[in-house]
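Student: build me a model:
(chains A and B)
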Amino acid sequence: MLQTLRGGPLHGYALAQAIKQASDELVRVEEGSLYPALQRMLKAGWLTAEWGVSARSREIRIYRLTPAGRKQLERKAAAFERLVAGISKVMRASES
Amino acid sequence: MSRLRWLLFRRRQDDDLAREMEAHLAERADDLVGLGASEADARAQARRELGNTTLHRELSGDVWRWQALDVLGGSLRDARRTVRRSAATIAACLLVLGVSTGLFVTAAVIADNLLLRPIRLPGIDRVVGIGGLADPGPGWTFDDWWGQAASVEKLTRWSAGLTQLATSDGSFLVNTAYVEPAFPDLFPTTPILGRALGADDFVHGSPVPIVISEGIWSARFRRDPDVVGAVTTLSSTPVVIVGVLPTLTAYRHDVQIWVPRKPGAEFTIVRPKGGGTNARLAEGATVADARRDIELLGTRLNTEQGAKTGMTYFGVVSLGTITDSQARPLREPVIALVVSAFAVLVMAAANVATLLLNLVVDRRQELAVKASLGATRRRLVGQLGLESALVGWLSGVVGGMSGAALLVASRPLLAPLSPYLASADAVWVTFLAGVGLGTVLGLVVGLVPLSLTLAWRDWSLLQYRGANRGSSRGRRVRSSLVVVQVTTAMMLVTVASAAIQAFITSNQTSMGFDLERVLAVRLMVPAGSSPQETLNAIAQNARAAGLVDSSASADRLPVVDRGGMLYIGPQNISPARILLISPGFMRTMGIPLLEGREFAPGDTASAVISETLARRFWPNRSALGEKLQVSQADRRDVIGVVGDIQEDIDTDAAWGAGTGGALVYGVLSDSSDAAAAQPQTRAIVMRCRERCDDAGPAVRAIVEAAGATIIDITSLQTALEEKVAPTRLRSMIAVACGVFGLLLALTGIYGIVRLVASSRVQEVNIRMALGASAAEARAVIFRYAALIVFTGVVVGSGFAWLALSASRSLFFSIPPSDPASYLAAATALVIGGLLACLGPALRLGRLDARRLHTE
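Tutor: Take a look at the predicted model:
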């Protein structure tokens, strides 16, 4: 979610659709957990929210990444890459 | 956004989330419409995909909420709903627990002020009162002789009596205490104005410095701040006011003026009001040490001085702390009050616990539904706990208010005993104590249903059958609570029965004289007049006017006015009251003359004694002609023995066997010329020809025409009724507690029997269908109730015996083992229990085929 918002502010539905499309529908954000997650990130200060207008001229709440959110994203991304690298090594070692 | 902002604007935040969900739905529906779905289908599918928006909003809001605060708010809303739904039950709980708490707190405040802290002065616990110390005779002063006792220090004497004070508004009698130099040291009181008496005030000088009480400063000096330094006369002697003492902390709240005994200052006491000898226990000494030392000195006094003077010296007859002597006369009635109030409180708590338990059981289905919707056990128990706390707090408020109201209503009775009880401070203390105790008690009582719910294993939606009204554990708890109520009721009703018997007995007991048509007059003969001539003139004029058949005078009214106490001989030091009378007193009052004769004018060296006194000193022979030692230098010939009169009508006979008092009569004679210069108080009793109400106004005119001032005029019957009013009040309180306790117990029995009956409907219906009779069905209920009542009566009888033993002196010779009291109480509970069972038992005995079919 943070990575997707890095590309620009989005509302909740658009965010879920963007993640679904970017992952070729391999990753789906459950609607039930989308909004609570957004609220948690708002509370943590990683996002800000304001009411705006969607592409269909509908009043909707739009979320934007904050500098603190960027830092959190970088931390999480680095951790994820280390994890992936570690798993890859294990898998290569198993194959050989 | 912060949590606080969310809390303050939660409704708006929730609305924003709702709008956001709605926008999400709309966006998704638009996408589906774009893919070819109809509007309705697109909307429906979008809703299905999004799921429970309410839950999403809840979970989103949870991120910001303070969980604890949220739970608390929800529980408070639930509690408010519960209170509204069960308003009658909750109101009953508040009333029963609140009023009982108020009663107990009031009793405790009274006990604290009358028994534990009757005098609030520093170091008062070490001040003792010593009764019966004799003047040592030639060669010794009082202080030098008795001051030899190593275990006491600062020995001081004081005497009190009515003395004439002159103010700008006129002259009036005030209760004045004449004190020795050590007195202010023993009873240090911080004055409101000016200063207390000091060492210099006891040496020569004029005017004599005096200290006045706050009461007289308000009543006679209008709280004038310039009263310090004011010069006036006391008993025609110039005095100057140097200070004002507060009523709340001064020793002897009835004293209005304190005067130092000093050389050259003479005051005339119009009517004595008592006196005493006090001392402080030396460092490390105990009351027992002081008694031993004083008694040794008394023995030495008899040996050494008795040989010189030929007189008999009495040793100490009483020695105890001041606080104990003040508390002692009130100890039994106050303790009885506290114990009764505590018993009522226990019953009320048990009753309320039963009501709350029933309430929880009735809500079992509601709680099960909440559990199935996701409420945790912790949340539900917390909700019940909060409801108990709410009931507790409200009970506390009701308790505080009722306690304060009770104290204010009791002021006329309590003010003469302790001015603190009549103050605003005491009301506040009672209110706050009531709130505190009521809150704690409500919480404790609420633990009973709470403990039951904690024991429930399965909170999910149970198969609820109408007959299932709670677990067996719950029924056992409730049965135990009802047994507690019946036990306490047995105790209260037994005490109430004894109180009623005592009241009837006291009314039936003869006063010892004829009360019919006796007019009692208290008057003051002015200075310069001969009291005897004034009284003779009044009697003659009243007879001449045809108002009275006979009249006589005395130094006080018998029975109504508490007389002074003497310790008299011949051999045994025995307490007795004394009454000075004129010739013809026995005839006027209708007191039977048993031996000898009445007084004749001039019989100053003679005494007439009561029957009790004669039996005590000369049990096997006539008392006529015997010598009675009235004081050290005063031995009188016994010339007559009369029947006992009820001098101690407001307490059980503390003087000895029987209900009469030990009483010595002496002749009332004119005072000396010097004393005649001061006003004298006297009492006249008149046997009226017609009703006292008819003769009263005319007698008043005759008294005033003779130049005397009337202090009080009423029928002796009325005066006696006022005297026994506190005793009657005690009996009424005991009866009220008994009735209240009985009603609570019967309510408890009805509740538990009804519950048992409803839980056994199915079983009984099956039995009756199989051939059992209605009587057999009802027997189930009666057997159960009989067990509860029997247990409560047996255990309660033991507590009742303890209560009656502890309060023996309150009940006019009704012994603790009086069978009539127990029988009356047991009968009331058995009959009441029977009636309480009747309804549920009758309902149970009717076969209901429809219910049988359903089950």
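Student: going forward, measure contacts between C-alpha atoms and count neighbours the same way
Tutor: OK.
Student: next, count neighbours for A:Asp24.
Tutor: For A:Asp24, the neighbour count with other Cα atoms under 10 Å in any protein chain shown is 10.
Student: so it: helix, strand or coil?
Tutor: coil (DSSP: H, G, I helix; E, B strand; the rest coil).
Student: any chance you could read off phi and psi for it?
Tutor: phi 50, psi 40 (degrees, to the nearest 10).
Student: got it, and B:Ser551?
Tutor: phi -150, psi 160.
Student: you'd agree it is up against B:Val699?
Tutor: No. B:Ser551 is beyond contact range of B:Val699, at 11.6 Å (criterion: Cα atoms under 8 Å).
Student: neighbour count for these two, which is higher?
Tutor: A side-by-side neighbour count of B:Ser551 and B:Val699, using other Cα under 10 Å, places B:Ser551 first with 28 against 24.
Student: apart from its chain neighbours, what residue comes closest to that one?
Tutor: Leaving aside its sequence neighbours, B:Ser551 sits nearest to B:Met686 (Cα to Cα, 6 or more residues apart in numbering or on different chains; 4.2 Å).
Student: so where do the strands sit in the stretch 551-700 of chain B?
Tutor: Here the stretch 551-700 of chain B has its strands, by DSSP state E, counting those that start in this stretch, at B:565-568, B:574-581, B:593-596, B:606-610, B:627-631, B:634-642, B:663-667, B:680-688.
Student: how about these in TSV, adding mean pLDDT and mean neighbour count?
Tutor: What follows is the strands of the stretch 551-700 of chain B, written out as TSV (pLDDT from 0 to 100; neighbours: other Cα atoms under 10 Å in any protein chain shown):
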stretch	mean pLDDT	mean neighbour count
strand B:565-568	68	17
strand B:574-581	83	20
strand B:593-596	94	16
strand B:606-610	92	25
strand B:627-631	81	18
strand B:634-642	90	21
strand B:663-667	89	24
strand B:680-688	88	25
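Student: redo those strands as CSV? Include distance to B:Arg84.
Tutor: Below are the strands of the stretch 551-700 of chain B laid out as CSV (distance: least, Cα to Cα, whole Å):
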stretch, distance to B:Arg84
strand B:565-568, 64
strand B:574-581, 64
strand B:593-596, 73
strand B:606-610, 69
strand B:627-631, 74
strand B:634-642, 71
strand B:663-667, 66
strand B:680-688, 65
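Student: closest to B:Glu20 out of those strands?
Tutor: Among the strands of the stretch 551-700 of chain B, strand B:565-568 comes nearest to B:Glu20, with 93.8 Å by Cα to Cα.
Student: residue of the stretch 1-150 of chain B closest to chain A, please.
Tutor: B:Ser60 (4.2 Å; Cα to the nearest Cα).
Student: just the element for that residue, please.
Tutor: helix B:53-62 (DSSP states H and E).
Student: which strands and helices lie in contact with the helix or strand following that helix?
Tutor: From helix B:53-62 onward toward the C-terminus, using DSSP H and E, the following helix or strand is helix B:67-85. Other helices and strands packing on helix B:67-85, by 3 or more Cα pairs under 8 Å, 6 or more residues apart in numbering or on different chains; DSSP states H and E, are helix B:377-409.
Student: give me the distance from the helix it packs on to the chain's centre.
Tutor: Averaging C-alpha positions (Cα atoms, centre = their mean, to the nearest Å) puts helix B:377-409 25 Å from its chain's average.
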